[in-house]
Each structure stands twice: as C-alpha cells, then as structure tokens.
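K.L.:
Sequence plus predicted model, see below.
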Amino acid sequence: MSLRIPEDFTLGAATAAYQIEGAAREGGRTASIWDTFSHTPGRTLDGDTGDVAADHYHRLDTDLDLMAHLGLDAYRFSIAWPRVQPGGHGALNPAGIAFYSRLVDGLLARGIAPVATLYHWDLPQELEDAGGWPQRETAVRFAEYAARTVEVLGDRVAIWTTLNEPWCSAFLGYGSGAHAPGRADGASALAAMHHLNLAHGLAVPEIRRAARNSPQVSTTLNFHVARPADQDADDAARRIDALANRSFTGPILDDRYPDDLVRDTAGVTDWAFVEDHDLALIAQPIDLLGVNYYSTVTVRDSDGRAPRAAADGHRAGAGSPWPGSEHVEFLPQPGPLTDMGWNIAPEALEELLLRLAAEHPGMPLLVTENGAAFRDDPIAGHVLDPERGDYIVSHLAATVRARTAGADVRGYFAWSLLDNFEWGYGYSKRFGIVRVDYDTQERIVKDSGRRYAELIRSRIIPS
Ligand code: FCB
C-alpha cells in the first residue's frame, strides 16, 4: 500500500559546517578542535581534513539552487562557531555572519525554511585549550555565542537547534577519543556530557530572548536503539540506553539524571560537576526534539571475554565511549549493512519514535538526520544508488507510519544533501543524495536525490 505524506510534514536535507564548507582559514575563521584533530597524524583515515571539503563556502549559490531543484521544504545546516565568533569569545566576526546571512536569505528567497544548528562539533580550539567541554565555563561561552548569533540571524530562522548529538561530543570526543579533541578519559566524558546539557539549558532562554520571529527551539540527540542479545542481556541494554539516551533526555525533558546512570558510573566520577541549580537550568521547555537515527546495536555482558572493539558502530579510539560499562559487548549485526557497517532496520526508527512519543507525551519530534553511506560511482554522468534510495524511502515510510500511529513527528531530513567529510572516516564514506567530485567539486544529483525530489513533489511513498 502506498503511503501519503501529510501536507504539513516537512521534508528536508541536512549538512554540517565542518563537513561541507571548507574555507577553513578564510573570512576570519579560526581553528576548531576538528581542524586540530584532523591535522594530527593518525587521527583521520588517510589524514583527511575539512580544509576544502565540498567547498560549500565558495559555492553557496550553486548549492542553494540544488536545494531548490530538489524541492526541499527545509534545509538543516550548522553554524561554525569559530567562523562567527573566532576564538570563542567576544564580538562576532562580520564576514562569518555575512556568510550565514546570505545562506538564510538565499533559502528564504527559494521558499526553503532555514533550520540552524548552533553546534555541530566544531568547538573553537581556544576553548579546548582552556579545558573544553569538561569545564563548566565552556557552557557559559556557548550561551553567549548563541545569544549573539541569534541577535543577528534571529529574525529569519524557523528552527534553532542548540546541539547536534551531544553524546558524540562527550563520549567520542572525551571518552573513546575517536572524535575531536581526541581525549580518552571516562570522567572527563561524563563532565563533558553534563556541561553540554548545561550549555543547551543556558542557551534556550537566550535564543528565545534574542529571536524576533518566534522560532521553534530544539536540540538533536542520536538515539541508540540497544537490543539485548539474549535473555541475560537486559542489563547490558539498559546500561547503553542510560549512557547514550537517558543521559540527555533525563535532564533535558525530565529534570533529572537517571538513578541507574549515576549508579553505573559511580566508579568513574563522583558527579560533583552537577551544581545546585543546574538541573532546573537544563530542563528548559523546548518546542521540538530532534531525532537522529541510523541503525541499531545488539549487546550483552562480555562476562570476562574481551569486549569486541568498535562494533558499536563508531570508530575505535584509545579509550571507551561507555564509561563504567566497558564490559558491555557489542555483537556484529546481521546484514544488510551500509558502507559504515551499520545495519539497516527501518522498523527500529518507527519503534523509537513511538517510544519517544509514549515517554514524552506532548513533545513534537523531528527526524533531523537519517541516511546511508554506500559506494557509488558516476557512469556517463549518472549515479545509480538504489541502496541509498531504498534506505531513505523505507525510513521515511517508517517515520510516516509512526506519525499515523500517533507520534507527533513533524518532518524528516535526509543525511546528507552532499557527500562530505565523514569525521574520522574522512572522504571515504559517501552519504550524499548529491555526489561531490572532490577533484573538480562538480555536483551530480544521484538517483536517490531524484527519488527524494519525486517524493517531495508527489507526497506519495510508493509501496
Ligand atoms: C551523525 C552526525 C553527522 C554525520 C552522520 C553520518 O552522527 O551528526 O554529522 O556524520 O552521523
């Protein structure tokens, strides 16, 4: 049976600044932790960096025209903190603001709603040098950056998102070290988690105060759907759910850290980083919860076996992203798998959205990222990528089904508009619905992009 996509359901595509912009040392931009990290030998595959990426900074008009050609209702992008506030404090950089202002105006001129994320992992290096996210002051700096940025762009942006996937910032950045800044210390990761939550909570009222068009304010989390491998594995699944998901939904939506999370991590940290009024500051009302979903994980207690590295879907680092639960083992997933090695499970997205709707009644949801890496090559100017197209169609269908079943899901954003710098994997993984030739910077709309455009046009998902 074909599915009808409701008229008021937003269909968009997403990117992030460091992954596409390039122009890393232009227009007054200073280094972020990802510049430092990617320029450190051995940190990214083949030593790839975001110096040039998809050169979006210089190809803004071309890319805006592409979005219009696809018929996107909305475009989710991120603002590079070190481009608009070099060094992470003080006055804004006019050249940086001018770039995002042109982007927003270009979107509005094409009838595309701007959805802006304030932080997609590119912390100004100076703030890392001062201690980074394990330091409370970084949250204060973030709220100031958010306020100043919304003061200048806050008459035109439809949705503001504070943070993208703070789990990755905290636990891959400071726990496993697979992401920038590449530290590997469980206690620092948990402190970072709390200060990211605090950064979100301090920024929300600043955004509302500074905006002049009553935008929706949100945050975006990457939910882990953890399945127990067998009947003895419920505790392993509970631990991963606590560390990955409830560590953020707890304080942001329910005013508290889960007791089991505090208990599981008691051997790692004393939680002294949580000060008296922090939980009230974090639990600000938000208008939307952003959901990024790609795949599931299957876990069990390793019971003394050496836990397998990196089968949790993330690149291995020197440390563990699961402080206090290092003994949880991630089992290889049955196929089909994407080029990331991630399993394809659209039904788990439907289940996740319904679970979130049940646990947080009244909280509108937005799928802010979903998509797949596959190898693809142009043949005579065409890119045939049926797997990516099927992935997007099946997950969009799962999203629409969740909505029909009662979850208040407002839209879906494909990751990603363009092939881009996939963090530790560099340019080896292609997620775009538009292909980027990194030698010539030529863009080719892939077959998946054409299929997505047709879905947007017809608002029918064929059976
Ligand atoms: C998410 C990130 C995004 C992209 C996708 C594949 O974790 O938010 O930047 O790398 O994964």
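P.N.:
All right, it came through fine.

K.L.:
roughly how far apart are residue 355 and residue 276?
P.N.:
Residue 355 sits 32 Å away from residue 276, going by Cβ to Cβ, to the nearest Å. C-beta coordinates here come from the backbone N, C-alpha and C atoms, glycine included.

K.L.:
quick one: which of those two has more around it?
P.N.:
Higher neighbour count among residue 355 and residue 276: residue 355, with 16 against 7, using other Cβ atoms under 10 Å.

K.L.:
Let's verify residue 25: helix, strand, or coil?
P.N.:
coil (DSSP: H, G, I helix; E, B strand; the rest coil).

K.L.:
In space, what's closest to residue 292 - neighbours in sequence excluded?
P.N.:
Leaving out its chain neighbours, the residue that sits closest to residue 292 by Cβ to Cβ, 6 or more residues apart in numbering is residue 369, at 3.8 Å.

K.L.:
quick one, what contacts the one you found?
P.N.:
Residues in contact with residue 369 (Cβ atoms under 8 Å, 6 or more residues apart in numbering) are 14, 76, 220, 222, 292, 293, 294, 413, 415.

K.L.:
residues in contact with the fifth one?
P.N.:
Looking back up the chat, that one is residue 292. Neighbour list for residue 292: 164, 165, 220, 221, 222, 223, 367, 368, 369, 370, 415 [criterion: Cβ under 8 Å, 6+ apart].

K.L.:
sorry, back to before: quick one: which of the contacts of residue 369 is nearest residue 399?
P.N.:
Nearest to residue 399 among the contacts of residue 369: residue 293, at 9.1 Å, using Cβ to Cβ.

K.L.:
contacting residues around the residue of the stretch 51-200 of the chain found nearest the ligand?
P.N.:
The stretch 51-200 of the chain approaches the ligand most closely through residue 165 (4.8 Å), counting by Cβ to the nearest ligand atom. By Cβ under 8 Å, 6+ apart, the contact set of residue 165 is 121, 220, 221, 222, 292.

K.L.:
May I have the phi/psi pair for it?
P.N.:
phi 50, psi 60 (degrees, to the nearest 10).

K.L.:
Same question for residue 192.
P.N.:
With angles defined as degrees, to the nearest 10, residue 192 shows backbone torsions of phi -60, psi -40.

K.L.:
quick one: residue 353 and residue 409 touch, right?
P.N.:
Yes. In terms of Cβ atoms under 8 Å, residue 353 counts as a neighbour of residue 409; the distance is 5.7 Å.

K.L.:
Find the residues that touch each one of these two.
P.N.:
365, 367, 399, 402, 403.

K.L.:
one step back: the ligand next: which of the contacts of residue 165 are close?
P.N.:
222, 292 (Cβ under 6 Å from any ligand atom).

K.L.:
which two in the contacts of residue 165 are spaced the farthest apart?
P.N.:
Pairwise distances across these (Cβ to Cβ) peak at 13.9 Å, for the pair 121 and 221.

K.L.:
Looking at the two, which has the bigger crowd around it?
P.N.:
Neighbour totals were compared for residue 121 and residue 221, and residue 121 leads with 27 against 23 (other Cβ under 10 Å).

K.L.:
which SS class is the more buried one?
P.N.:
Per three-state DSSP, residue 121 ends up coil.

K.L.:
Can you report phi and psi for it?
P.N.:
Dihedral pair for residue 121: phi 90, psi 0, per degrees, to the nearest 10.

K.L.:
For it, give its distance to residue 256.
P.N.:
In terms of Cβ to Cβ, residue 121 sits 26 Å off from residue 256.

K.L.:
ditto for residue 286
P.N.:
Computed as Cβ to Cβ, the residue 286 to residue 256 distance reads 16 Å.

K.L.:
Show me the helices in the stretch 101-250 of the chain, by range?
P.N.:
125-129, 136-153, 166-167, 186-210, 234-241, 247-254 (DSSP state H, counting those that start in this stretch).

K.L.:
In the stretch 1-150 of the chain, what residue comes closest to the ligand?
P.N.:
At 4.8 Å from the ligand, residue 16 is the closest residue in the stretch 1-150 of the chain, using Cβ to the nearest ligand atom.

K.L.:
Go ahead and confirm that residue touches residue 121.
P.N.:
Yes. Using Cβ under 8 Å, residue 16 is in contact with residue 121, at 7.3 Å.

K.L.:
what touches both of those two?
P.N.:
Taking Cβ under 8 Å, 6+ apart as the criterion, residue 16 and residue 121 both touch residue 164.

K.L.:
what sits against the residue lying closest to residue 37 once chain neighbours are set aside?
P.N.:
If the residues on either side of it in the chain are set aside, residue 37 comes closest to residue 180, at 3.5 Å by Cβ to Cβ, 6+ apart. The contact partners of residue 180, taken as Cβ under 8 Å, 6+ apart, are 32, 33, 34, 36, 37, 38, 43, 121, 123, 173.

K.L.:
Pop out the phi and psi values for residue 180.
P.N.:
Dihedral pair for residue 180: phi -60, psi 140, per degrees, to the nearest 10.

K.L.:
Which positions in the stretch 351-463 of the chain make contact with the ligand?
P.N.:
Within the stretch 351-463 of the chain, the positions lying close to the ligand (Cβ under 6 Å from any ligand atom) are 369, 415, 422, 423, 431.

K.L.:
In contact with the residue nearest to residue 206 when sequence neighbours are not counted, which residues?
P.N.:
Residue nearest to residue 206 in three dimensions, not counting chain neighbours: residue 147, with 3.8 Å by Cβ to Cβ, 6+ apart. With contacts defined as Cβ under 8 Å, 6+ apart, residue 147 is in contact with 203, 206, 207, 209, 210.

K.L.:
Pick out the most distant pair among the contacts of residue 180.
P.N.:
The most widely separated members of these are 43 and 123, with 15.4 Å between them, by Cβ to Cβ.

K.L.:
if we can go back for a sec, so residue 286 and residue 256 - more neighbours on which side?
P.N.:
Set residue 286 next to residue 256 and count neighbours by other Cβ under 10 Å: residue 286 wins out with 22 against 14.

K.L.:
Test my guess that that one contacts residue 218.
P.N.:
Yes. If you go by Cβ under 8 Å, residue 286 and residue 218 touch, sitting 5.6 Å apart.

K.L.:
near the ligand, which residues of the stretch 1-150 of the chain show up?
P.N.:
Residues of the stretch 1-150 of the chain lying near the ligand (Cβ under 6 Å from any ligand atom): 16, 19.
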